[in-house]
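**Q** Structure of the sequence below:
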Amino acid sequence: MSNIFVYFSFLTKIGCCLTLLTNSFLIYLTVVHIKMIVGVYKYMIIIFSLLGITFSIIEQFARPYIHNYNKGIIFFSFGWDGVPEDVMQTGLVVYALFYVLIVAFVAVQFVYRYVTLISPELCTKFEGFGVMVWGSYPLIVGTLNGLSIFIMAYPDKFGDEYMRGAILDVYDLSISKVSRLLIIPYDEEDHIRWLNLVYLFSGSFCLLSQYSIIVFCGLRMQSQMQKELQKFSVPNRKLQKQFFKALVIQIIVPTVIFVFPSTPILLVPLLNIEISVQSGAICSLLSLYPPIDSLVFMIVVSEYRKVITKRCSAKTHNTPLHYITV
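**A** Residues are numbered from 1 along each chain as shown. The predicted structure follows:
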């Protein structure tokens, strides 16, 4: 087993423990103590925290790792003793599904904050049956990515033979005993392997489409912020600014620690150059996203800071909190 994997495996365990602590604490504060956030956005905060916990647990089970070798990528699992390979392969698919699902959920939050700021009267569309719509959207996008990688990157004879030597030399593993998904857009004669190539583009589209929604809503909110905030009360105005700041950080963090590093990894196979790189570090870095996200949210939104400060100082009942509908 690669020494680098052992190191990053330890990092993912730390990330999982921190996720369980921080996200559980955020849910506890939101449900029990934060009374000024009500309605749809309260549910979004809770659901997003639960998704972070679920993602961390899936990562611990799937044990995902990535290796770039020349014109190919192998997304594989180190597995667990006694667990069938097809179960571990399913774990890899669910891991890929959940990553895109989380990005799509961030996009949903941006849309909701955009509607809240620009057209508050439309916020009712997110209630009732609307909950089913915005709740289903991330699941649909994530599932499409999961099904795509399972169908289009399923191992085949050529892919196994192409990657066999690299996996044996670097990880001392037999590829036939490794749960894996393979992306090799060209065969040995440089003919296009269409399924693999289509996944590179479809997977990129799944992510880029969500980022397009996020960037559009973010830029529109930024340009209209000062004007539209005049419609809100002073406390609510401050809260809206904090929510916007928290959302921006929510998308900057995974972009910096995962999307930027992963872009070269996805592009290298198209260049068809000689390379052999253990790229699994990006999976380990992504494990740090859920706890960082929750900590940032509790730091940026002042009401969380107030509650934490009051509880630490044992003065939780001095200043009443006021309800603000968001």
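
**Q** ok, now which ones touch residue 112?
**A** Applying Cβ atoms under 8 Å, 6 or more residues apart in numbering, we find residue 112 in contact with 40-41, 44, 123, 126, 134. For glycine as for every other residue, the C-beta is placed from the backbone atoms N, C-alpha and C.

**Q** please redo it, this time with the cut-off set to 6 Å
**A** Residues near residue 112 by Cβ atoms under 6 Å, 6 or more residues apart in numbering: residue 126.

**Q** Give the buried residues for the helix or strand that contains it.
**A** Counting by DSSP states H and E, the element that carries residue 112 is helix 85-118. Buried residues in helix 85-118, defined by neighbour count with 16 or more other Cβ atoms under 10 Å: 88-117.

**Q** which residues in the stretch 151-300 of the chain form strands?
**A** Taking DSSP state E, counting those that start in this stretch as the criterion, the stretch 151-300 of the chain carries its strands at 179-183, 276-278.

**Q** Please tabulate the ones you listed in a markdown table, including the columns distance to residue 31, mean pLDDT and mean neighbour count.
**A** Formatted as a markdown table, the strands of the stretch 151-300 of the chain follow (distance: least, Cβ to Cβ, whole Å; pLDDT from 0 to 100; neighbours: other Cβ atoms under 10 Å):
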| stretch | distance to residue 31 | mean pLDDT | mean neighbour count |
| --- | --- | --- | --- |
| strand 179-183 | 37 | 95 | 24 |
| strand 276-278 | 41 | 82 | 14 |
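
**Q** do you know which of those strands lies nearest residue 291?
**A** strand 276-278 (24.2 Å; Cβ to Cβ).

**Q** partners of that closest one in the sheet?
**A** Strand pairing for strand 276-278, using DSSP bridges, gives strand 64-69 (antiparallel).

**Q** tell me the mean pLDDT over the helix holding residue 112?
**A** Averaging pLDDT along helix 85-118 gives 91.

**Q** for this protein, what's the longest helix?
**A** If you go by DSSP state H, the chain has its longest helix at helix 194-229.

**Q** by contact count, what packs against that helix?
**A** Here helix 194-229 touches helix 85-118, helix 129-152, helix 234-254, going by 3 or more Cβ pairs under 6 Å, 6 or more residues apart in numbering; DSSP states H and E.

**Q** Select, out of these, the one closest to residue 177.
**A** Smallest distance to residue 177 across these (Cβ to Cβ): 7.1 Å, for helix 85-118.

**Q** so that closest one versus helix 234-254, what angle?
**A** Interaxial angle of helix 85-118 relative to helix 234-254 (axes from the mean of the first three to the mean of the last three Cα atoms, to 10 degrees): 150 degrees.

**Q** so how far is helix 85-118 off the chain centroid?
**A** Centroid separation for helix 85-118 versus its chain: 6 Å, with Cα atoms, centre = their mean, to the nearest Å.

**Q** now stretch 64-73
**A** From the chain centre to the centre of stretch 64-73 is a distance of 21 Å (Cα atoms, centre = their mean).

**Q** Need the contact partners of it.
**A** Stretch 64-73 is contacted by residues 5, 74-77, 92, 95, 162, 166, 183-184, 186, 265, 268-269, 272, 274-280, 283 when judged by Cβ under 6 Å, 6+ apart.

**Q** nearest residue to residue 298 other than its sequence neighbours?
**A** Excluding its sequence neighbours, the residue lying closest to residue 298 (Cβ to Cβ, 6 or more residues apart in numbering) is residue 304, at 4.1 Å.
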